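K.L.:
Output the structure for:
(chains A and B, ligands or ions: 2)
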Amino acid sequence: MANSASAQPSPAPAGADGETRRDFLLYSTVAFGAVGTAMMVWPLIDSMNPAADTLALSTTEFNLSGVQEGQGVVIIWRGKPVFVRYRTQKEIDDARAVALADLIDPAKDEDRVQKDQDKYLILVGVCTHLGCIPLGSKAMETRGEYGGWFCPCHGSHYDTSGRIRKGPAPANLEVPPYTFISDTTVRIG
Amino acid sequence: MSTEKSVLQRAFEWHEQRLPIGGFIDGVIGTKYPAPKNLNYWWNFGSLNGLMLVIMIASGIFLAMNYTPHKDFAFDSVERIMRDVNYGWVMRYMHANGASFFFIVVYIHIFRGMYYGSYKNPREVLWWIGILIFLAMMATAFMGYVLPWGQMSFWGATVITNLFSAIPVVGDSIVTFLWGGFSVENPTLNRFFSLHYLLPFVIFGLVVFHVWALHLPGSNNPLGIEATPADKIPFHPYYTAKDFFGVGVFMLIYFAVVFWAPNMLGDPLNYEKANPLVTPAHIVPEWYFLPFYAILRAIPDKLLGVIAMFGSILILFALPWLDTSRIRSAVFRPIYKWFLWLFVIDCAVLTWCGAQLPEGLPLILSRVGTFWYFLHFLILLPIIGWVETPKPLPASISEAVLKGRG
Ligand code: HEM
Ligand code: FES
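P.N.:
Residues are numbered from 1 along each chain as shown, chains lettered A, B, ... in the order given. Ligands and ions are numbered 1, 2, ... in the order given. So this is what the prediction gives:
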């Protein structure tokens, strides 16, 4: 028993830079552990992203025939309001008369509507500042200084093309993806 | 009387030998924990924080037994708690006002730290953990306020989550991720409930580290000088008694509000069910978020506003180095003292501004206030530390006490 110490296996020989097999085992265990944990964590994180049924709700159809000239309506797409406005000729002309250089987020009105249906302006009705719903769709509501929409939360004014003209919002109201499936029916999403 | 130990005593000792819970408590807040003998009433707010955390967790767990985290039922389930559940109204009013009182206590606690320089060497890590607790509390309170699913719940959640859309490139994906959808919706409510339940226990864990970090150097004191063993007295019974007195006074005020003015601090709009298609004319957060909301709105650029708002809290992490003076207590800092009170006034002004519409005078004041807030930390504090001549420090706490100014 007195010599039992010498009976123990001698430590693995050190490599040229002092690294041992034990170090290698340590590093590879830590690496496997880290990769394995990361692979476990991703499903947890991704489960917080929109689920399949939420994504499935992503188209809405709407019949435009009931909308009068000059009138605006609000419909719901993906839980968000979508503004549909049947613009008057004057509103269209106003939107097109502005020089791009005067805009905070320059965009041509022509690019924000569809060519043969350019009287219909279709927008996601969510202020690009912090997500309030701008006023201006209902008859009694203020349309702001540029005749489009006005966000009461922090005072953003949008014009008749839904472009930001004044206030803290950084961008124009978003144009959702949509197609006209007939002359009077539009599918959003 | 016999000197024999009673059965109870022997049972206790038997247990102590196997798991010394009694000894542990005695070391943390009992006779084995020496504290400076000159602590004043500002030092009561630490134990009040602990009490508030316990009250919030206790009332919250019972609320959760009757609360339904679903967008169609949440509002009605809270109304049912108020009307039909036995004592439901007490639990809800304790919880809702408890959040306000928790913040009152924590703000005083933070101010105490600033006044007496408790964030300085060797207590920097203690200070950091405190700020982490503060951040976790803000997240908890924000998500809790969403749960009753009233108009302010919904639109507050919308505005605050949208703050993250200011982040370049990935901002919108982050917001979609936070919502679990394309707007604040049922998945959002569900996860907020889950996290609202979780975070207070995370706070509890942080408190353990906070107290651990406190016990290495021990408490700071109103003079800010090192306390020698001769300057210390055991925590129990001296400070347990003093803390209990503070608890009594605090409870009188807290429950006066719970019973007689339970809606004083709340927004009436939150008694209106959430409507995703109608934004209220004026969105205001709960009072304890107002200074930060004022900073957000003071800056006309979205991204910079968000950076300033988060920066106004994160800057506290750097406070131990921004304050260049080695004197802890403001008692001995004739210039710093006044600037600290100015800073308190600045925070009060920002709080007022946060509740107003951001135009005219409130907008100007919130810009001046925001400017001053950062000026205080980034410019004034370093300079004051360099130019100020501190008053002479007493040699020991005993000396100051005997001269009548401990
Ligand atoms: C740091 C501790 C906590 C804070 C600061 C906090 C804060 C809040 C706030 C501000 C509300 C909104 C109250 C209202 O206006 O109605 C709330 C609601 C709620 N909290 Fe907490 N809470 C905390 C801990 C907890 C815990 C541990 C639970 C346990 C599950 C809980 C469960 C609830 C429930 C079910 C509601 C919804 C009912 C209601 O609105 O009254 N809370 N919380
Ligand atoms: S959310 Fe519309 S202006 Fe701020």
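
K.L.:
mind listing the strands for chain A?
P.N.:
A:60-63, A:72-77, A:80-86, A:120-124, A:147-151, A:156-159, A:164-166, A:178-180, A:185-188 (DSSP state E).

K.L.:
Which strands or helices does the first one pack on?
P.N.:
Using 3 or more C-beta pairs under 8 Å, 6 or more residues apart in numbering or on different chains; DSSP states H and E as the contact criterion, the neighbours of strand A:60-63 among helices and strands are strand A:72-77, strand A:185-188. In this view, the C-beta of every residue, glycine as well, is placed from N, C-alpha and C.

K.L.:
Just say helix, strand or coil for the closest residue to ligand 1 within the stretch 201-350 of chain B.
P.N.:
Closest residue of the stretch 201-350 of chain B to ligand 1, C-beta to the nearest ligand atom: B:Ile203 (5.4 Å). The three-state assignment at B:Ile203 reads helix, by DSSP: H, G, I helix; E, B strand; the rest coil.

K.L.:
Also B:Ala318?
P.N.:
With three-state DSSP as the basis, B:Ala318 sits in helix.

K.L.:
Need the pLDDT of the closest residue to it other than its chain neighbours.
P.N.:
Excluding the flanking residues, the one nearest B:Ala318 by C-beta to C-beta, 6 or more residues apart in numbering or on different chains is B:Phe377, at 7.7 Å. Predicted confidence (pLDDT) for B:Phe377: 98.

K.L.:
With B:Gly218 instead?
P.N.:
So B:Gly218 comes in at 95 (pLDDT).

K.L.:
quick revisit: could the strands of chain A go into TSV alongside mean pLDDT and mean neighbour count?
P.N.:
Formatted as TSV, these follow (pLDDT from 0 to 100; neighbours: other C-beta atoms under 10 Å in any protein chain shown):
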stretch	mean pLDDT	mean neighbour count
strand A:60-63	89	14
strand A:72-77	90	18
strand A:80-86	92	22
strand A:120-124	94	22
strand A:147-151	92	25
strand A:156-159	93	25
strand A:164-166	92	21
strand A:178-180	91	15
strand A:185-188	91	18
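
K.L.:
wait, doesn't the residue of the stretch 201-350 of chain B closest to ligand 1 sit right on B:Leu135?
P.N.:
No. Contact criterion C-beta atoms under 8 Å: B:Ile203 and B:Leu135 do not qualify, at 9.9 Å.

K.L.:
Between those two, point out the one with more neighbours.
P.N.:
Shown here are B:Ile203 and B:Leu135; by other C-beta atoms under 10 Å in any protein chain shown, B:Ile203 has more neighbours (22 against 16).

K.L.:
what about the nearest residue to that one once chain neighbours are set aside, distance to B:Phe142?
P.N.:
Distances taken as C-beta to C-beta, 6+ apart place B:Ala136 nearest to B:Ile203, at 5.0 Å, with adjacent residues excluded. B:Ala136 sits 11 Å away from B:Phe142, going by C-beta to C-beta, to the nearest Å.

K.L.:
Next: B:Phe244.
P.N.:
32 Å.

K.L.:
Those two - which one has more neighbours?
P.N.:
B:Phe142 (18 against 12).

K.L.:
And the pLDDT for the closest residue to that one other than its chain neighbours?
P.N.:
In space, and not counting its chain neighbours, B:Phe142 is closest to B:Ile160: 6.3 Å by C-beta to C-beta, 6+ apart. Looking at B:Ile160, its pLDDT is 91.

K.L.:
By mean pLDDT, point me to the weakest helix or strand of chain A.
P.N.:
The weakest-scoring helix or strand in chain A, judged by mean pLDDT, DSSP states H and E, is helix A:4-7 (a mean of 50).

K.L.:
contacting residues for the closest residue to B:Ile133 other than its chain neighbours?
P.N.:
The shortest distance from B:Ile133 to any non-neighbouring residue, by C-beta to C-beta, 6+ apart, is to B:Leu206 (4.9 Å). Applying C-beta atoms under 8 Å, 6 or more residues apart in numbering or on different chains, we find B:Leu206 in contact with B:Ile129, B:Leu132, B:Ile133, B:Ala136.
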